[in-house]
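Enquirer: starting from these lines, generate the structure:
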Amino acid sequence: MAELLPLCLDLRLESDVLVAARRALDFASLAGFDTRGRGEVGIITSELASNAFKFAGGGRIELRMLSVGVRDGLEIAVEDDGPGIPSLGLAMIDGFSEGRMLTDVAPGLVRRRGLGAGLGAVQRLSDVFEALPRPEGGMRMIALKWLQDRR
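Expert: Alright, predicted model coming up:
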């Protein structure tokens, strides 16, 4: 496994989301991920960073390598100080955003901040995904993407 120092970024501006996604692609490349893996890491990072910015007003993201047994992986952790997610189970359903199914809103009447597919996509692209409310408020989202086995 490549020896990489953790990458930590603040998410204060909308442009920070793009910077985080680009830096995640570079980090994944240095870590040894193939083209597909790099793309998946980029999407995971972009979705989590975007949600922190859109729904919590910003946050912090950290990418770090870890080894567990015979596996090496990349952990993407995003923390925010926002209102949290009232129903994580519903938030994981494609088409659910901001407290309701998007099909329940007449087109053009309400401007939405999301398409309702981000967290579900993160879960599908990650090998491990956790979304945890923080005791002090906000959320901590952790996605893990494995490299190939070292065996």
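Enquirer: for the rest of this, base every contact and every neighbour count on C-alpha atoms.
Expert: Noted.
Enquirer: where exactly do the strands run in the chain?
Expert: Here the chain has its strands, by DSSP state E, at 7-11, 59-68, 71-79, 96-97, 100-101, 128-133, 139-146.
Enquirer: make JSON lines from these and add distance to G37 and mean pLDDT to it.
Expert: Shown next, in JSON lines, are these (distance: least, Cα to Cα, whole Å; pLDDT from 0 to 100):
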{"stretch": "strand 7-11", "distance to G37": "18", "mean pLDDT": "97"}
{"stretch": "strand 59-68", "distance to G37": "14", "mean pLDDT": "95"}
{"stretch": "strand 71-79", "distance to G37": "10", "mean pLDDT": "96"}
{"stretch": "strand 96-97", "distance to G37": "27", "mean pLDDT": "56"}
{"stretch": "strand 100-101", "distance to G37": "30", "mean pLDDT": "48"}
{"stretch": "strand 128-133", "distance to G37": "14", "mean pLDDT": "93"}
{"stretch": "strand 139-146", "distance to G37": "8", "mean pLDDT": "96"}
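Enquirer: V17 is nearest to which of those?
Expert: strand 7-11 (6.6 Å; Cα to Cα).
Enquirer: which parts of the closest one are buried?
Expert: For strand 7-11, a neighbour-count test (16 or more other Cα atoms under 10 Å) marks 9-11 as buried.
Enquirer: check stretch 49-64 too.
Expert: 49-53, 55-64.
Enquirer: then stretch 20-29?
Expert: When neighbours are counted by 16+ other Cα under 10 Å, the buried residues of stretch 20-29 are found to be 20-21, 23-25, 27-29.
Enquirer: coming back round to it: now distance to D34 too, for the strands of the chain, in TSV please.
Expert: Shown next, in TSV, are these (distance: least, Cα to Cα, whole Å):
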stretch	distance to D34
strand 7-11	19
strand 59-68	15
strand 71-79	13
strand 96-97	32
strand 100-101	35
strand 128-133	19
strand 139-146	11
